[in-house]
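Asker: Just the structure for this:
(one chain, ligands or ions: 1)
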Amino acid sequence: MAQVELEKVTKIYDNKVVAVKEATFTVNDKEFCVLLGPSGCGKTTTLRMIAGLEEVTSGIIKIDGKIVNDVEPKDRDIAMVFQNYALYPHMTVYENMAFGLKLRKFPKDEIDRRVREAARILGIEDLLDRKPRQLSGGQRQRVAVGRAIVRNPKVFLFDEPLSNLDAKLRVQMRSELKKLHHRLGATIIYVTHDQVEAMTMADKIVVMKDGVIQQIGTPFEVYNKPKNLFVAGFIGSPAMNFVNATVIAKGGGIWIKTSGFEVKVVKEHEPILEKWIDKEVIFGIRPENIFDKLFAVAPQPENTVTGVVDVVEPLGSETLLHVKCGEDVLVARVDPRTQAQEGARIDLVFDMNRIHVFDKDTQEAII
Ligand code: ATP
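Answerer: Predicted coordinates:
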């Protein structure tokens, strides 16, 4: 068992910078939990507090039910993999991986067994005699992970471990880390600002902004049911479209009205939106939920909007259209067979089951 719990954990630097504010979340045994957010949101500080490298200003951190606030980092049974890998340049790969165990006075043959086992798991057996400078970025990254694995810790902490790798290697290491997670059956807390990394690897995502947790959920939940405007805009690429709108009652139904279009909401959303009639809201729809009418399944006048194509971006498997509707530009991810021409009019169809509506003042999700 290796469960990590944070209860109202706050970190204030120098009596003034609130880096983390009352963070409360639980990472379950064997869970892959990603702390996600833009630069400066407090992810690294949270990780460092869990590792014991940073003191907690207030709140409680528990590992396996035991409060560890005053437990030394070395006694927390945690291994951390840093962004820059922090390998010792004068040591070989073998020595780098063995170092932590040597310090802890493990017997030589046990060290050897563990280093070779970790090297086998990571496919770096041939590199054990090399020095870090003789390795590629991806190989260094594996050594850094290997150094954590040999300790057989309760919890692995990763601080943006892929950010120094090129795009292709990052994709490869992403799936390797995921496989490794299953293989080790380990509890992992992983920090990144990259929403794709979070979506592809996490069992649970903790989204942070300005030191405050915005949402905790599975990748599916944070993508499909974002709690507020920030989460909705941060997760997904291209980002969700946001348009200033008013909720109106018309012809026995409820409609969303913007400067460029009017669309009718589905029956299921009516009871929630009734309270918002004549109020200003922010309407949100993801690019993949907007279709070129020529390829739409169920075009109806009440889910179709007309605009003028601003930009056409063919990507091969799909085409992105930037379409001006009134004062707003919507991005649509449409069928690559689209006939859309820049400067020409186009009819777009919304999947009204997949819309989002946010309170303009609080920015909290209404739908
Ligand atoms: P990044 O992705 O850029 O590493 P982050 O989300 O990990 O960012 P943190 O490094 O945790 O964010 O920083 C959170 C806030 O705390 C920032 O405003 C940062 O400037 C501040 N901060 C971090 N470390 C210190 C420190 N040692 N002293 C004072 N302020 C700090």
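
Asker: so L320, which of the three states?
Answerer: Per DSSP: H, G, I helix; E, B strand; the rest coil, the secondary structure class of L320 is strand.

Asker: list the contacts for it?
Answerer: P238, P287, V311, V312, E313, V331, A332, R333, V334 (C-beta atoms under 8 Å, 6 or more residues apart in numbering). For every residue, glycine as well, the C-beta is placed using N, CA and C.

Asker: Quick check: the closest residue to the fifth one other than its chain neighbours vs A202, distance?
Answerer: Read that as E313. Setting aside the residues directly before and after it, E313 is nearest to L320 in space (C-beta to C-beta, 6 or more residues apart in numbering), at 4.1 Å. As judged by C-beta to C-beta, to the nearest Å, L320 and A202 stand 26 Å apart.

Asker: Give me the buried entries from the contacts of L320.
Answerer: Taking 16 or more other C-beta atoms under 10 Å as the criterion, what is buried in these is P287, V312, V331, A332, R333, V334.

Asker: Over to stretch 255-270 now: how far is its first residue from its last?
Answerer: 9 Å (C-alpha to C-alpha, to the nearest Å).

Asker: List the buried residues in that stretch.
Answerer: Going by 16+ other C-beta under 10 Å, stretch 255-270 has these buried residues: W255, I256, T258, G260, F261, V263, K264, V265, V266, H269.

Asker: what pairs with the second one across the strands?
Answerer: Looking back up the chat, that one is I256. V247, V263 (DSSP bridges).

Asker: Tell me, how many residues neighbour the closest residue to A344 other than its chain neighbours?
Answerer: Counting by C-beta to C-beta, 6+ apart, A344 lies nearest to V309, which is 5.6 Å off, once chain neighbours are set aside. Residues near V309, counting by other C-beta atoms under 10 Å, number 19.

Asker: check contacts around V309.
Answerer: V309 neighbours (C-beta under 8 Å, 6+ apart): L321, H322, V323, K324, A340, Q341, E342, G343, A344, R345, I346.

Asker: Going by neighbour count, which of those comes out on top?
Answerer: V323 leads those on contacts (other C-beta under 10 Å) with 27 neighbours.

Asker: For that residue, name its beta-bridge partners.
Answerer: Using DSSP bridges, the beta-bridge partners of V323 come out as V309, L330.

Asker: Surely it and G307 touch.
Answerer: Yes: V323 lies in contact with G307 (C-beta atoms under 8 Å); the separation is 3.9 Å.

Asker: Overlap of the contact sets of these two?
Answerer: L330, I346, L348.

Asker: what's the closest of these to the ligand?
Answerer: Nearest to the ligand out of the shared contacts of V323 and G307 is L330 (C-beta to the nearest ligand atom; 30.5 Å).

Asker: Show the contacting residues for E288.
Answerer: R333.

Asker: Just the pLDDT for it.
Answerer: Looking at E288, its pLDDT is 97.

Asker: a helix runs through it, doesn't it?
Answerer: Yes: if the criterion is three-state DSSP, then E288 is within a helix.

Asker: What sits closest to whichever residue of the stretch 251-367 of the chain sits closest to the ligand if chain neighbours are left out?
Answerer: Distance from the ligand to each residue of the stretch 251-367 of the chain (C-beta to the nearest ligand atom) is smallest for Q363, at 20.2 Å. Excluding the flanking residues, the one nearest Q363 by C-beta to C-beta, 6+ apart is L229, at 4.0 Å.

Asker: show me what contacts that neighbour?
Answerer: Per C-beta under 8 Å, 6+ apart, neighbours of L229: F242, I282, G284, F358, Q363, A365.

Asker: Three-state assignment for the second one, please.
Answerer: In three-state terms, and counting by three-state DSSP, I282 is strand.

Asker: can you start the count at 35 instead of 1 from here on
Answerer: All set: I'll call the first residue 35, so the last point we hit is now I316.

Asker: Looks like it contacts I389 (just checking).
Answerer: No: the pair I316 / I389 is not scored as a contact, 11.2 Å apart, by C-beta under 8 Å.

Asker: check contacts around L355.
Answerer: L355 sits next to D326, V343, V345, V346, E347, V365, A366, V368, T372, A374, I380, L382 when contact means C-beta under 8 Å, 6+ apart.

Asker: which stretches of the stretch 135-284 of the chain form strands?
Answerer: 189-193, 221-226, 238-243, 246-251, 275-284 (DSSP state E, counting those that start in this stretch).

Asker: Can you tell me the closest non-neighbouring residue to P333?
Answerer: Nearest one to P333, counting by C-beta to C-beta, 6+ apart, is V383 at 4.7 Å.

Asker: still on that earlier bit, export the strands of the stretch 135-284 of the chain as CSV, with columns for mean neighbour count, mean pLDDT and distance to D98.
Answerer: Shown next, in CSV, are the strands of the stretch 135-284 of the chain (neighbours: other C-beta atoms under 10 Å; pLDDT from 0 to 100; distance: least, C-beta to C-beta, whole Å):
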stretch, mean neighbour count, mean pLDDT, distance to D98
strand 189-193, 24, 95, 9
strand 221-226, 25, 97, 10
strand 238-243, 24, 98, 18
strand 246-251, 19, 98, 20
strand 275-284, 18, 98, 42
